[in-house]
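A.B. asks: Pasting the sequence and the predicted model now:
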Amino acid sequence: MSQYGPPGSPPPKTIPRKPRYSYIVDCMYSYTYVWPINGKPFWFYPTSVQYDAVTGYRWTGHFWTFYGFDPRFIDEVACYPVPTLY
């Protein structure tokens, strides 16, 4: 996968299990399923994580579109593939 622009393929068809604890910064340049505090969960491909903004590409169901939001509105995230602790 390229680190510039959206991914070249759709996200996985399988939705990962919601973890107890997660950090969006661990999911850079990975297919990421986001559970917001309010609203519907969605597939996201983060390309930048800062204190007050997360930007990347959100899957609309048909294509990737550039999207940004405040990380304080994230409940949990799950990356694909799921990262492991070393």
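C.D. replies: Nice, thanks for sending it over. Numbering: from 1, shown residues only.
A.B. asks: so where's the chain shaky on pLDDT?
C.D. replies: Low-confidence segments of the chain, defined by pLDDT under 70: 1-3, 81-86.
A.B. asks: Would you map the strands across it?
C.D. replies: 31-36, 42-49, 54-59, 64-69, 74-80 (DSSP state E).
A.B. asks: Can you give me the buried ones in the second one?
C.D. replies: Using 16 or more other C-beta atoms under 10 Å as the burial criterion, the residues of strand 42-49 that qualify are 42-47, 49. C-beta here means a position set from N, CA and C on the backbone, and glycine is covered the same way.
A.B. asks: hmm, back to that, including distance to Pro10, could the strands of the chain go into TSV?
C.D. replies: Output for the strands of the chain, formatted as TSV (distance: least, C-beta to C-beta, whole Å):
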stretch	distance to Pro10
strand 31-36	9
strand 42-49	8
strand 54-59	7
strand 64-69	8
strand 74-80	12
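A.B. asks: Contacts only, for the spatially closest residue to Gly5 that is not a sequence neighbour.
C.D. replies: Using C-beta to C-beta, 6 or more residues apart in numbering and skipping the chain neighbours, the partner closest in space to Gly5 is Tyr57 (8.0 Å). Residues near Tyr57 by C-beta atoms under 8 Å, 6 or more residues apart in numbering: 5-7, 44-45, 47, 64-67.
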